[in-house]
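Asker: Structure here, sequence nowhere to be found:
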Ligand SMILES: Cc1cc2nc3c(=O)[nH]c(=O)nc-3n(C[C@H](O)[C@H](O)[C@H](O)COP(=O)(O)OP(=O)(O)OC[C@H]3O[C@@H](n4cnc5c(N)ncnc54)[C@H](O)[C@@H]3O)c2cc1C
């Protein structure tokens, strides 16, 4: 029987519906639509990215926050962080958080994914999918590990040209024992070293997951400014199937759109669990408290929330032109920076002002710390669960003053200049939750990160800050140019003991915007796992989740490259394909014999 496909979702059925056109969702939808036999609809709550210049001008990222292009979620107070609430921005537009992130491509180590212990998701396989996503462009000065990079993906990536301060910080990192290896954040094989992080930036413009959606055929429909309320489930007991989605358009009108084959939820780690919960998939008692009928009792939905915490440590230097402050904050400088980007695709707004990067193990530094020494551990692992091949922490520097909105003490760029070294905690032990505020899809979720609730997180992050301070204050490249802390009223540059840093951490640790784990994959015998190894929601046919919520553990890196890999892998799982580790794609299963033809009025017909 022939069915007609128009690009008007209100009156249509599609083979696949992807709920959320963010990082993983855009990749997945585009890959599914490469098969002309598939009709695919992407539903995105936010605007089309082409309406938002700051998704292309990399330096405009923070201008998207607190606007309607941000989900504007703020966490519940975290007692471990002195009761502070943290603004945890997410991109709300086509491309999602890939359009407002820091552009860093830091994959983590292969061991991170091996530790998931899930068939099909080993380090080799996940790295293979990250490579598949990439179209890497080198630079003369950058010693690339060519075998690790992809050159045929849809995501253009290149290294970042450093400001002078960043070269000095790299020199300081080396002098403090971190071995130099330019491309270590792609290879993931150096847990104690320093180098350069490639960026999702190319020729002066940000590249995002929305790039995947460009120039696709008419079998890919995109519906923006439309919010997925819930997935409609039919059947009962062991025969429950996802058949349609209920959406709200921008005027608040409700529609149902049917899926012939599958529905994939890609709303990100904060929103995917809420779509499942509103659909009646989640902890029974929690659903009952919102008057939602529980169709599938899965206690793990919205649990296991993780994030990487970072601490910005700012310093002041009187030496001019080492940082980029003069290019941004001197009178009229911002206007010129904007002109440079707009007309010439160069200047400080054409890239992200992070500079030098390092990974570090802290075994020796923490060896005599009682909390660390006495903490339980498995054989071959440290108390955080990491092997010696995985870093405990990351360092990265900013090439000017800036950061989340609470950082408002701008230097003038003429007589005052500031930069920071950021310390990032890997393998956090603290866990939080995402729950519903109500069954109303226009309400944001209740996000409780419970930051720093575990003492080990405080110990490791405060030691990371101590190490970072030694790099800047004692390191060869920077020891002679640091005037003191920034703002100048602060004295953290004088801290020497780990204990000095504990209040600093509790007062200042903030999000690295890496939430994950809230719809985790897991083995059949884990009652808290939401998905099986093929991203299928347990107990429901025709429903998967694909975004960073599926990660059972965070990587020791940043989360956009895994998000791209999850989108790529989800598409292969659905298409019955797998990735040969050489980088080629092989089809292994035969698919349904649909033939798609275009009829006279441009409508696709599925026979
Ligand atoms: C400020 C910031 C800086 C970051 N910096 C870096 C970095 O430098 N390097 C790095 O590796 N990672 C970074 N990250 C993290 C990285 O960008 C994310 O981990 C990744 O993009 C998440 O992808 P995702 O597909 O899980 O979610 P998202 O990309 O957030 O996609 C979710 C999409 O679903 C949509 N959606 C949600 N609910 C609904 C609904 N009900 N109906 C319809 N649509 C819905 C959203 O609008 C969004 O478009 C950063 C993130 C942020 C926010």
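Answerer: Sure thing, it's come through. The structure presented is a predicted model; accordingly, all values stated were derived computationally and were not measured.

Asker: Can stretch 407-416 be said to contact the ligand?
Answerer: No. Under the criterion of CB under 6 Å from any ligand atom, stretch 407-416 makes no contact with the ligand; the nearest approach is 13.5 Å. To be clear about C-beta, it is placed using only N, CA and C from the backbone, and glycine gets the same treatment.

Asker: Check stretch 348-356 too.
Answerer: No. Judged by CB under 6 Å from any ligand atom, stretch 348-356 stays clear of the ligand, getting no closer than 7.1 Å.

Asker: what comes up buried for the helix ranked longest in the chain?
Answerer: In the chain, taking DSSP state H as the definition, the longest helix is helix 455-474. By 16 or more other CB atoms under 10 Å, the buried positions in helix 455-474 come out as 456-473.

Asker: what packs against it?
Answerer: In this structure, helix 455-474 packs against helix 164-175, strand 309-317, strand 354-360, helix 363-366, helix 370-373, strand 393-398, strand 417-425, helix 498-508, with contacts taken as 3 or more CB pairs under 8 Å, 6 or more residues apart in numbering; DSSP states H and E.

Asker: let's see it at 6 Å
Answerer: strand 309-317, helix 370-373, strand 417-425, helix 498-508 (3 or more CB pairs under 6 Å, 6 or more residues apart in numbering; DSSP states H and E).

Asker: Now do that helix, average pLDDT.
Answerer: Helix 455-474 carries an average pLDDT of 98.

Asker: so who does residue 572 touch?
Answerer: residue 578 (CB atoms under 6 Å, 6 or more residues apart in numbering).

Asker: Just confirm it is within a helix.
Answerer: Yes. Looking at residue 572 with DSSP: H, G, I helix; E, B strand; the rest coil, it is inside a helix.

Asker: Relative to residue 463, how far out is it?
Answerer: Residue 572 sits 41 Å away from residue 463, taking CB to CB, to the nearest Å as the criterion.

Asker: and if you look at residue 415?
Answerer: Distance from residue 415 to residue 463, counting by CB to CB: 34 Å.

Asker: ok, now residue 563?
Answerer: 29 Å.

Asker: Show me where the protein dips below the pLDDT cut-off.
Answerer: Applying pLDDT under 70 to the chain flags the ranges 1-11, 582-607.

Asker: Kindly report the residues of it close to the ligand.
Answerer: Near the ligand, when you scan the chain using CB under 6 Å from any ligand atom, you find 19-25, 43-46, 89-92, 96-98, 100-104, 227-228, 266-269, 271, 275, 513-514, 547-548, 558-561, 563.

Asker: Go through those and flag which are in strands.
Answerer: Members of the residues of the chain next to the ligand lying in strands (criterion: DSSP state E): 19, 43, 227-228.

Asker: and the protein, what are its domains?
Answerer: What automatic domain parsing lists as the domains of the chain is 1-73+85-156+198-305+513-607, 161-196+309-427+452-508.

Asker: closest one to residue 79 among those domains?
Answerer: domain 161-196+309-427+452-508 (7.0 Å; CB to CB).

Asker: next structured bit after the longest helix of the chain?
Answerer: strand 484-485 (DSSP states H and E).

Asker: okay if I get the helices and strands packed on helix 455-474 as CSV plus mean neighbour count?
Answerer: Output for those, formatted as CSV (neighbours: other CB atoms under 10 Å):
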stretch, mean neighbour count
strand 309-317, 24
helix 370-373, 13
strand 417-425, 27
helix 498-508, 18
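
Asker: picking up where we left off before, top of the ones in strands among the residues of the chain next to the ligand by neighbour count?
Answerer: Ranked by neighbour count (other CB atoms under 10 Å), these have residue 19 at the top, with 31 neighbours.

Asker: which residue sits closest to that residue, ignoring its sequence neighbours?
Answerer: Nearest non-adjacent residue to residue 19, counting by CB to CB, 6 or more residues apart in numbering: residue 228, 4.2 Å away.

Asker: Any idea what the one you found is bridged to?
Answerer: Judged by DSSP bridges, the bridge partners of residue 228 are residue 247.

Asker: Repeat that for the one 4 residues further on.
Answerer: Each beta-bridge partner of residue 232 is listed here: residue 244, as defined by DSSP bridges.

Asker: wait, doesn't it sit right on residue 242?
Answerer: No. Using CB atoms under 6 Å as the test, residue 232 is too far from residue 242 to be in contact (7.2 Å).

Asker: circling back: between the domains of the chain, which one is closest to residue 435.
Answerer: Comparing these against residue 435 with CB to CB, the closest turns out to be domain 1-73+85-156+198-305+513-607 (5.6 Å).

Asker: got a markdown table for the domains of the chain, with distance to residue 435 too?
Answerer: Shown next, in a markdown table, are these (distance: least, CB to CB, whole Å):
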| stretch | distance to residue 435 |
| --- | --- |
| domain 1-73+85-156+198-305+513-607 | 6 |
| domain 161-196+309-427+452-508 | 17 |
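
Asker: For this protein, which residue gets nearest to the ligand?
Answerer: When scored by CB to the nearest ligand atom, the chain has residue 22 as its residue closest to the ligand, at 1.7 Å.

Asker: Tell me how many other residues crowd that residue.
Answerer: Counted with other CB under 10 Å, residues neighbouring residue 22 total 34.

Asker: backbone phi and psi for residue 215, please?
Answerer: phi 60, psi 30 (degrees, to the nearest 10).

Asker: no, scratch that, I was asking about residue 234
Answerer: Torsion angles, degrees, to the nearest 10, at residue 234: phi -120, psi 150.

Asker: contacting residues around it?
Answerer: 241, 243.

Asker: and with 10 Å instead?
Answerer: 240-244, 295, 541-542 (CB atoms under 10 Å, 6 or more residues apart in numbering).

Asker: could you flag which of those residues are buried?
Answerer: 240, 242-244, 295, 541-542.

Asker: I'd like those laid out as a markdown table, including distance to residue 314 and secondary structure.
Answerer: Shown next, in a markdown table, are the buried ones among the contacts of residue 234 (distance: CB to CB, whole Å; DSSP: H, G, I helix; E, B strand; the rest coil):
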| residue | distance to residue 314 | secondary structure |
| --- | --- | --- |
| 240 | 53 | strand |
| 242 | 49 | strand |
| 243 | 53 | strand |
| 244 | 51 | strand |
| 295 | 50 | coil |
| 541 | 53 | strand |
| 542 | 51 | coil |
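
Asker: Next, format the residues you listed as JSON lines and append distance to residue 485.
Answerer: Shown next, in JSON lines, are the buried ones among the contacts of residue 234 (distance: CB to CB, whole Å):
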{"residue": "240", "distance to residue 485": "58"}
{"residue": "242", "distance to residue 485": "54"}
{"residue": "243", "distance to residue 485": "59"}
{"residue": "244", "distance to residue 485": "57"}
{"residue": "295", "distance to residue 485": "55"}
{"residue": "541", "distance to residue 485": "58"}
{"residue": "542", "distance to residue 485": "56"}
